[in-house]
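Colleague: Have a look at this fold, sequence not included:
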């Protein structure tokens, strides 16, 4: 367990100086940032100094931890790099954890595991815990426990006036509400405390089929019907991935169009619940099993090598199987110029419960995520028609899954949430130091 807040902060970095390019490096390689200054902070005091410097010079401010998502407001401005703020403190009796701004979920899971506790992390252990939570946080056990944002006790941040604040539902109810769902644009969150759940093991894994042997649309239709039968505590997703024929890939994936269903469940009847899925056809692989929570990242086996990608998302009121089947044909092998990954998350359950935060679209039944490996413009030519196909059932978009499309504000929030966020923004950042307009 590490926790540091008293080391001196390194000086600002400028383009051309040693360390500048290394500090910018992150997981997303598809977009180039060139801030005028980088503040590689280790402490809240360093964040305060950076924000005050930016405010005095009228520089826009962006924040980067792990670099999975890149800040849209740092071009020509100041980028606060929080990766050195990596403190984690678990309180096993209170079932909470304090997490600093640069911490990744793998660190939190490792710190909680000795106490039989688990965080509400997502599928990839390298994702930044704080930024994920500020965008809502759709985790692998989301239908049982809700969004990660729903479990935050307090947050510490530095607002645009350069002042550090501790925010709770009682101390600043409007700012607390806005931070959890839209916190990236209201300040630099330096730390938060979030609840843990008593989970040591779960039933989970992936059931994968060859999309050239089993009809992908039929698998998706069966999956949609199956989601209507499962308990609220079972969280799952469907994925379709056209893998390239590369030697680095495992033989059972190389050059194949793989459709799969991924499952995470803390109940003891998992085998019985997934039995209908096993009858869909011959499988390429079956990793469904009871596992320690520490192995939960293997359910999705997300890539951990930095690369260029672009994508977006749509929260759907329902999944029309016919249109979804057409979506697979539009994005599958041979139908697209770029490799496109389709993931469809089953929502509902605890995700539908109201909470005192700005996480939107809780009535959604499914989240469709489309991600391409490559550059923005070729990806848009593929993805825009695909999302247009889903428009009739679309409620909005998910901020955490606007993979490079976060600069497009439309659809991230419903009109009432948009207006309320604008009022909070006007109160705490009237000069728009942390750039975003919430689509208004």
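Modeller: Yep, it's here. All of these numbers come straight from a predicted model, not from anything done at the bench.
Colleague: burial count for the closest residue to residue 184 other than its chain neighbours?
Modeller: Closest residue to residue 184 apart from its sequence neighbours, by CB to CB, 6 or more residues apart in numbering: residue 134 at 5.6 Å. C-beta: built from backbone N, CA, C; applies to glycine. Residue 134 has 30 neighbours, counted by other CB atoms under 10 Å.
Colleague: now swap in residue 240 and tell me
Modeller: When counting by other CB under 10 Å, one arrives at 24 neighbours for residue 240.
Colleague: does it count as helix, strand or coil?
Modeller: For residue 240, the assignment made with DSSP: H, G, I helix; E, B strand; the rest coil gives strand.
Colleague: Surely it is in contact with residue 259?
Modeller: Yes - the pair residue 240 / residue 259 is scored as a contact, 4.8 Å apart, by CB atoms under 8 Å.
Colleague: what touches both of those two?
Modeller: Shared contacts of residue 240 and residue 259 (CB atoms under 8 Å, 6 or more residues apart in numbering): 211, 216, 220.
Colleague: Identify, from those residues, the entry nearest to residue 307.
Modeller: Closest approach between the shared contacts of residue 240 and residue 259 and residue 307, by CB to CB: residue 211, at 22.4 Å.
Colleague: residue contacts, the closest residue to the closest one other than its chain neighbours?
Modeller: Leaving aside its sequence neighbours, residue 211 sits nearest to residue 257 (CB to CB, 6+ apart; 3.5 Å). Residue 257 makes contact with 210-212, 216, 240-243, 332-333 under the criterion CB under 8 Å, 6+ apart.
Colleague: which ones among these are found in strands?
Modeller: Per DSSP state E, strands hold the following members of the contacts of residue 257: 210, 240-242.
Colleague: so residue 63, which of the three states?
Modeller: Going by three-state DSSP: residue 63 is strand.
Colleague: residues near it, how many?
Modeller: Using other CB under 10 Å, residue 63 has 29 neighbouring residues.
Colleague: so what's it up against?
Modeller: Counting by CB under 8 Å, 6+ apart, residue 63 makes contact with 71, 79-80, 82, 101, 131, 184, 188.
Colleague: Run through the stretch 301-440 of the chain and note the low-pLDDT ranges.
Modeller: Applying pLDDT under 70 to the stretch 301-440 of the chain flags residues 336-337, 374, 405-408, 436-440.
Colleague: Can you show me the strands along it?
Modeller: In the stretch 301-440 of the chain, the segments counted as strands under DSSP state E, counting those that start in this stretch are 309-316, 340-346, 366-373, 394-396.
Colleague: likewise the stretch 101-250 of the chain?
Modeller: 152-158, 164-167, 188-195, 201-210, 235-242.
Colleague: so can I have a markdown table of those strands showing mean pLDDT and distance to residue 143?
Modeller: As requested, the strands of the stretch 101-250 of the chain are exported to a markdown table (pLDDT from 0 to 100; distance: least, CB to CB, whole Å):
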| stretch | mean pLDDT | distance to residue 143 |
| --- | --- | --- |
| strand 152-158 | 98 | 19 |
| strand 164-167 | 98 | 28 |
| strand 188-195 | 98 | 17 |
| strand 201-210 | 97 | 13 |
| strand 235-242 | 96 | 4 |
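Colleague: and the ones you listed as CSV, adding distance to residue 365?
Modeller: As requested, these are exported to CSV (distance: least, CB to CB, whole Å):
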stretch, distance to residue 365
strand 152-158, 25
strand 164-167, 32
strand 188-195, 26
strand 201-210, 21
strand 235-242, 13
